[in-house]
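K.L.:
I'd like to go over a predicted model; first the sequence, then the structure.
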Amino acid sequence: MMKNKKIDGGKQFDWGRTSAIYAKYRDIYPQIFYDKITRRGLCLKGQNVLDLGTGTGVLPRNMYKYGANWTGVDISPEQIEMAKLLAGDMNITFKACAAEQIDFADGSFDVVTACQCFWYFDQEKLAPKLKRILNPDGNLLILYMAWLPYEDKIAGESEKLVLKFNPQWSGKGETMHPIEVSGIICEYFEKVYSEEYLLDVPFTRENWHGRMKSCRGIGASLTEKEIALWEKEHTELLNKIAPDTFTVKHYAAYCQLKPKK
């Protein structure tokens, strides 16, 4: 269970509650998302990569084919168990561990990734650890993808329904913008590259419903009764406004940093 006064007004949430639906509906990054990483020479053969907040292991599993040696950590044991199950015979190390509690040897990794999760961490504790476990020429890569509710009708209407059931949810109102890094991160790292780009992500009504259910504002924080009521209303909504298949406008953002000398 996690709680942060800066997130959802301090409302508790637990990603472990979403593991089954997360595994089924959150593996949605298009190929260009991964291409942007490899084109920068990252997460390739011969590199040791640590994925923070790995969840169900979406990033390591999808990038395994590029040959890097992956380790994934997540605070949720349920997420890690699902990651292990989905990885099958892939040689990926998964460990249930909070990002702030990682304890690897100095210079263990060439790349540290944090996809969809960096703002959850205590960066005061994490920043010096990241610099220590990265080799001096290593890279910290922060990644993000979100729907655009003001530019996409289906996303906007679904978001309004999340807010009806969870008014404190702070994941609302995304617009395309660069990934921000805090002062403490900038004390240890310098930005070397950033990029934002638009995406049209394909969905069916079922897949979009599952994607929304697995978001922090619903599956990770509401009661079972509240979730059931939301599911009924969201299904009715999609039957009214969404065709069988459609795309939802998203943006993705990429921020690459290197340890300061």
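P.N.:
Good, I have the coordinates. These numbers come from a predicted model, not from an experiment.

K.L.:
From the contact counts, what lies against the longest helix along the chain?
P.N.:
Ranked by residue count and defined by DSSP state H, the top helix of the chain is helix 224-241. Here helix 224-241 touches helix 153-165, helix 205-213, going by 3 or more C-beta pairs under 8 Å, 6 or more residues apart in numbering; DSSP states H and E. For glycine as for every other residue, the C-beta is placed from the backbone atoms N, C-alpha and C.

K.L.:
avg pLDDT for that helix?
P.N.:
For helix 224-241, the mean pLDDT works out to 98.

K.L.:
got the angle between it and helix 153-165?
P.N.:
Direction vectors for helix 224-241 and helix 153-165, defined by axes from the mean of the first three to the mean of the last three C-alpha atoms, to 10 degrees, enclose an angle of 150 degrees.

K.L.:
tilt between helix 224-241 and helix 205-213?
P.N.:
140 degrees.

K.L.:
Next SSE downstream of helix 224-241?
P.N.:
Where DSSP states H and E defines the elements, the next helix or strand beyond helix 224-241 is strand 245-259.

K.L.:
Can you spell out which helices and strands pack onto that next one?
P.N.:
So strand 245-259, by 3+ C-beta pairs under 8 Å, 6+ apart, packs with helix 31-38, strand 134-147, helix 153-165, strand 189-204.

K.L.:
Tell me which of those sits nearest to Asp14.
P.N.:
Within those, the stretch nearest Asp14 is helix 153-165; the backing value is 16.6 Å (C-beta to C-beta).

K.L.:
Identify all contacting residues around that closest one.
P.N.:
Helix 153-165 is contacted from outside by 147-150, 169, 171-173, 208, 212, 215, 217-218, 222, 226, 229-230, 233-234, 237-238, 241-242, 246, 248-249, using C-beta atoms under 8 Å, 6 or more residues apart in numbering.

K.L.:
Check the spacing between the residue nearest to Pro128 when sequence neighbours are not counted and Lys36 real quick.
P.N.:
The shortest distance from Pro128 to any residue that is not its chain neighbour, by C-beta to C-beta, 6 or more residues apart in numbering, is 6.3 Å, and that residue is Tyr188. The span separating Tyr188 from Lys36 equals 24 Å under the rule C-beta to C-beta, to the nearest Å.

K.L.:
Neighbour count: these two, which is higher?
P.N.:
Set side by side, Tyr188 and Lys36 show unequal neighbour counts under other C-beta atoms under 10 Å, the larger going to Tyr188 at 19 against 15.

K.L.:
Chain neighbours aside, what residue packs nearest to Asn135?
P.N.:
Of all residues not flanking Asn135 in the chain, Gly107 sits nearest, at 4.4 Å (C-beta to C-beta, 6+ apart).

K.L.:
Let me fix that, I meant to ask about Asp110.
P.N.:
Once chain neighbours are set aside, the closest to Asp110 by C-beta to C-beta, 6+ apart is Gln47, at 4.1 Å.

K.L.:
Any idea how many residues pack against Lys260?
P.N.:
Residues lying near Lys260 (other C-beta under 10 Å) number 11.

K.L.:
I figured it hits Tyr188, correct?
P.N.:
Yes: between Lys260 and Tyr188 a contact is recorded at 6.1 Å, counting by C-beta atoms under 8 Å.

K.L.:
Touching both of those two, which residues are there?
P.N.:
By C-beta under 8 Å, 6+ apart, Lys260 and Tyr188 have these common neighbours: Lys131.

K.L.:
these two touch, right, Gln79 and Tyr22?
P.N.:
Yes: contact between Gln79 and Tyr22 holds when scored by C-beta under 8 Å: they sit 7.1 Å apart.
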